[in-house]
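In: Next input, structure requested:
(chains A and B)
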Amino acid sequence: MIKYNAVVNISADLAIGTTVVGGQSKLYFRSGQDISNKRIIGISVTPTVNGDATLYIDTYLTLINKKGEYIIWNYPVVPLCVGNNTLFSATRITRTDIENIDILSSYYTIGGGFTVTTQFSWFYLNLYY
Amino acid sequence: MYKQPIIKRSYTYIMPLGTFPYTAGKQVNFQYIPILEKAKIYGIQIFAIGNINTTPDNQNSVLTIGLSAITATFAEGDDLFIYNMPTTMLQPQDINQNINKGYSMMFKPRKINLPKSYVTINSGAGTYFTQSVVIYWNFIYTYD
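Out: Prediction:
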């Protein structure tokens, strides 16, 4: 199974110290590789800060395809977080059968408020194909 | 039955339960969702506190204990093929790997008649609800 990382650089969109108001921020993927010709068979999120659920618990993933269709819309991130950690305890990759994903149109939405810090600057989505 | 679904498409629906406090026996229907009109839904999930706190539009999610006071009924046409199912059965997993251990309720693909489908709040006691909340549904579907 080949894994591909797509990355959101939160601090590229929001200054360190910014308090994000719930429901008003979309964080877009900045990874440049075109994966639209891949069939994605699984997705997971890698927590960048071990043990801290603050950021992830109100974050939602939206994946859009090249036709502009919302394939996955506002899926909670916490169940996607696979980790050897008591808080991020999904033990299996979420299985999918999706293709033609336009990663640069896809994004995370923040539901609750949080403050951007350096430890929350990077947000990884793993796409398996 | 419980399985790990293979997601082809998923759509989330935020169901407001109305203004707190809630009266026992209150029914809340789903609204018509255009994108799901021709969809065949084969998995239904609920995410509550533990997986989320506030929704993408900054509303407060129901607690898991609140779900224990709510049952769900789903219709296909006029056939109530799911009747008064405890909504706790639709939670895949909480942050501590409890509830249904990451598995989701799945069934054969159906065109669900959402406006005829509803939840019933069986108790509005303070044990279950302390404020106005919403239920965060996720429908797993295909058009094939």
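In: May I have stretch B:18-36 as CSV, with CA atoms only?
Out: Provided in CSV are the C-alpha atoms of stretch B:18-36 (Å, rounded to 0.1, in the frame of the first residue of the first chain):
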residue,chain,number,x,y,z
GLY,B,18,-34.6,22.6,19.0
THR,B,19,-34.5,24.8,22.0
PHE,B,20,-33.6,23.3,25.4
PRO,B,21,-35.3,22.0,27.5
TYR,B,22,-36.7,19.1,25.6
THR,B,23,-40.0,17.4,26.3
ALA,B,24,-40.1,13.6,26.4
GLY,B,25,-41.7,12.2,23.2
LYS,B,26,-40.6,15.1,21.0
GLN,B,27,-39.9,14.0,17.4
VAL,B,28,-37.5,15.8,15.1
ASN,B,29,-37.7,15.0,11.4
PHE,B,30,-34.9,15.1,9.0
GLN,B,31,-35.1,17.8,6.4
TYR,B,32,-35.1,17.1,2.7
ILE,B,33,-31.5,16.9,1.4
PRO,B,34,-31.2,17.4,-2.4
ILE,B,35,-27.8,15.7,-2.7
LEU,B,36,-29.2,12.5,-1.1
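In: what's the nearest residue to residue A:111 if we skip its chain neighbours?
Out: residue A:58 (3.8 Å; C-beta to C-beta, 6 or more residues apart in numbering or on different chains). (Glycine included, C-beta is placed from N, CA and C.)
In: cool, and residue B:35?
Out: Residue B:35's closest residue in space is residue B:11 (C-beta to C-beta, 6+ apart), at 6.0 Å.
In: Now the element after the host helix or strand of that neighbour, going C-ward?
Out: Here residue B:11, judged by DSSP states H and E, is contained in strand B:9-16. On the C-terminal side of strand B:9-16, the nearest following helix or strand under DSSP H and E is strand B:26-29.
In: quick one: residue B:44 and residue B:90 touch, right?
Out: Yes - counting by C-beta atoms under 8 Å, residue B:44 touches residue B:90, with 5.5 Å between them.
In: The residue nearest to residue A:111: neighbouring residues, count only.
Out: Neighbour count of residue A:58, defined by other C-beta atoms under 10 Å in any protein chain shown: 27.
In: Can you show me the strands along chain B?
Out: If you assign secondary structure with DSSP state E, the strands in chain B sit at B:2-3, B:9-16, B:26-29, B:40-47, B:70-76, B:79-86, B:104-110, B:118-121, B:134-142.
In: How about residues contacting the second one?
Out: Residues from elsewhere that reach strand B:9-16, judged by C-beta atoms under 8 Å, 6 or more residues apart in numbering or on different chains: A:60, A:70-75, A:98, B:28, B:30-31, B:33, B:35-36, B:39, B:55-57, B:59, B:119, B:132, B:134-143.
In: go on, the fifth one?
Out: Outside of strand B:70-76, the residues that reach it under the criterion C-beta under 8 Å, 6+ apart are B:44, B:62, B:80-87, B:90, B:110-113, B:116-122, B:135.
In: Can I have the buried ones of those residues as a ChimeraX selection?
Out: Buried members of the contacts of strand B:70-76, defined by 16 or more other C-beta atoms under 10 Å in any protein chain shown, are picked up in ChimeraX with:
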select /B:44,62,82,85,87,90,110,112,113,116,117,118,119,120,121,122,135
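In: Great, nothing more from me.
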